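Enquirer: here is a sequence with its predicted model. Questions after.
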Amino acid sequence: QVTLVESGGGLVQSGGSLRLSCAFSGRNLNWYAIGWHRQAPGKAREGVAFISATDQTTIYGDSVKGRSTISRDNVKNMVYLQMSDLKPEDTAVYYCVASRSLYDLRQLEAESRGQGTQVTVSS
């Protein structure tokens, strides 16, 4: 089981940037792909970005592709999501998620999930 703690959410103006952080802890951490799901009120959960356990393979959702970068530091046990050119439609609760299967994360399944951090983009 992996424990995930998000930070870095907040209020930002349209066109601005934000970096979300996820601290992960537990056993066998190098087995786990980690990423971000988001959910806005009244909308379906959406996959944002994912990074594999060891070879740094990254995958992005279509809505953030080209505007976001996910990175991972396996020494500090941190994952970061740098987002730029933010739009009001990026407003959502962002959840850090982990799974031994990168495919499962893309399918919006996760073995572990953090409490979430709110991102609000004002127009």
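Expert: All right, it came through fine.
Enquirer: pull the CA atoms of the one helix or strand L105 maps to into PDB?
Expert: In this assignment (DSSP states H and E), L105 forms part of helix 102-106. Taking C-alpha atoms only, helix 102-106 is exported to PDB below (Å, rounded to 0.1, in the frame of the first residue of the first chain):
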ATOM      1  CA  LEU A 102       0.200   2.200 -15.500                       C
ATOM      2  CA  TYR A 103      -2.600   0.800 -17.600                       C
ATOM      3  CA  ASP A 104      -4.900   0.700 -14.600                       C
ATOM      4  CA  LEU A 105      -4.200   4.400 -13.800                       C
ATOM      5  CA  ARG A 106      -5.100   5.300 -17.400                       C
END
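Enquirer: same for the next helix or strand after that helix, what does it pack against?
Expert: Next helix or strand after helix 102-106 toward the C-terminus (DSSP H and E): strand 112-113. With contacts taken as 3 or more CB pairs under 8 Å, 6 or more residues apart in numbering; DSSP states H and E, strand 112-113 sits against strand 2-7, strand 92-99. Quick note: C-beta positions are derived from backbone N, CA and C, even for glycine.
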